[in-house]
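Novice: only geometry, no sequence info:
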């Protein structure tokens, strides 16, 4: 085996292992969302996550990948490894939408939207940035997807939430906000830890190479910075909740972890350990404020996805201008605005058309009894629910 062949094999293996870590994030999203919805909607949220992953893979294979990269050919690693790596990224973007529209959307309409987002909306954003398009040409920097994946997913989610409206009983006529707690905090914590673990592949694998000392050092730096940003996000979210509400709010802490991960994703390679801690800490603080403000605006997001992936994603893109030698604040902001407008407007139009043509919201009775029964016919916790009704 020649040195070139060995480098090809090592890089291919590295990309495949990273892609497997990112695929495992689908389990993280599933567990996180299953923990943060009510028991009567648990099976349906799991069905959504399984099917969105499957559909995303197929739609990206047949349509999305070609829109994003054309007939891309790779020489330093297997082209199929690269395809698989990009395929699991698009599934991540769609997973963000799943949690935000939970507990009141028809499963069929969600799946229709999944097909369009993974086939067209997301791949075009990817083409403009990672596919050598105009955003890349003007100097926009997004190493692993704070904007391309996370802010894009959150933009689509925001459009869906606006068209859907809030869950029944979430807001009162006098402006009161009624918390709707999730059913299973252990599952939510498990999901967050799975996402934290999988994110190492999400960011580290985006370098696409580890066959020499320089790249190996860069991957190690990415892993370290990703972990530190998440840790700092968790601690800052905890401090804020402790100071403001005198409680250690687990859901806010979990969202602090995720916000730190989203924020560092824009540029984890160039950041230092100190800047990673600062970026993550800022994300942990911002996400708590954002979740509270969106709630007051009556934007009902059961899992905090719009704040975690959208607001923290924008924040991460802006932070990249301070850690990257090539990124500028103005170009980063312009790129973020372009991504948001494209995804939000196209998603808003699509959600509106689906709502007018078919209706995207569950009927009131079905929402009351839960999507597990009305959409899936299978309860996640049948013995528990039955015992509670006696």
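Specialist: Thanks, I have the structure now. Keep in mind that what you see is a predicted model, and the values were worked out from it rather than measured. Numbers count the residues shown, from 1 in each chain.
Novice: for residue 11, give me its contacts.
Specialist: Contact partners of residue 11, counting by CB atoms under 8 Å, 6 or more residues apart in numbering, are 76-77, 208-211. Any C-beta I mention is one placed from the backbone N, CA and C, and that applies to glycine too.
Novice: can you check residue 240 too?
Specialist: Per CB under 8 Å, 6+ apart, neighbours of residue 240: 252, 284-285, 288.
Novice: by neighbour count, which of those wins?
Specialist: Comparing the contacts of residue 240 by number of neighbours (other CB atoms under 10 Å), residue 284 comes first, having 31 neighbours.
Novice: hmm, back to that, list the ones among the contacts of residue 11 that fall in strands.
Specialist: Among those, no residue falls in strands (DSSP state E).
Novice: just the buried residues of these.
Specialist: 77, 208-211 (16 or more other CB atoms under 10 Å).
Novice: check residue 330 and give its pLDDT.
Specialist: pLDDT for residue 330: 98.
Novice: do you know how far it is from residue 318?
Specialist: For residue 330, the distance to residue 318 equals 10 Å [CB to CB, to the nearest Å].
Novice: which one's more surrounded, those two?
Specialist: Higher neighbour count among residue 330 and residue 318: residue 318, with 17 against 10, using other CB under 10 Å.
Novice: now what about stretch 33-48, what contacts it?
Specialist: 30, 49, 98-99, 102-103, 107, 110-111, 180, 182-191, 251, 302-303, 369-373, 375-376, 378-381, 384-385.
Novice: that stretch - what's its average pLDDT?
Specialist: Per-residue scores along stretch 33-48 average to 97.
Novice: same check, this time on stretch 338-347
Specialist: On average, stretch 338-347 scores 98.
Novice: repeat for stretch 160-176
Specialist: 93.
Novice: enumerate every residue touching the residue nearest to residue 86 when sequence neighbours are not counted.
Specialist: Spatial nearest neighbour of residue 86, excluding adjacent residues (CB to CB, 6 or more residues apart in numbering): residue 65 at 6.5 Å. Contacts for residue 65 (CB under 8 Å, 6+ apart) come out as 83, 86-87, 123.
Novice: need the contacts of residue 240 in CSV with distance to residue 41, secondary structure and pLDDT, can you?
Specialist: Formatted as CSV, the contacts of residue 240 follow (distance: CB to CB, whole Å; DSSP: H, G, I helix; E, B strand; the rest coil; pLDDT from 0 to 100):
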residue, distance to residue 41, secondary structure, pLDDT
252, 21, helix, 98
284, 28, helix, 98
285, 30, helix, 98
288, 25, helix, 98
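Novice: from those residues, which two are the most distant?
Specialist: Pairwise distances across the contacts of residue 240 peak at 10.6 Å for 252 and 285 (criterion: CB to CB).
Novice: where do the contact lists of those two overlap?
Specialist: 237, 240.
Novice: distance check, the nearest residue to residue 112 once chain neighbours are set aside against residue 254.
Specialist: Nearest residue to residue 112 in three dimensions, chain neighbours excluded: residue 354, at 6.3 Å (CB to CB, 6+ apart). For residue 354, the distance to residue 254 (CB to CB) stands at 31 Å.
Novice: who has more neighbours out of those two?
Specialist: residue 254 (27 against 21).
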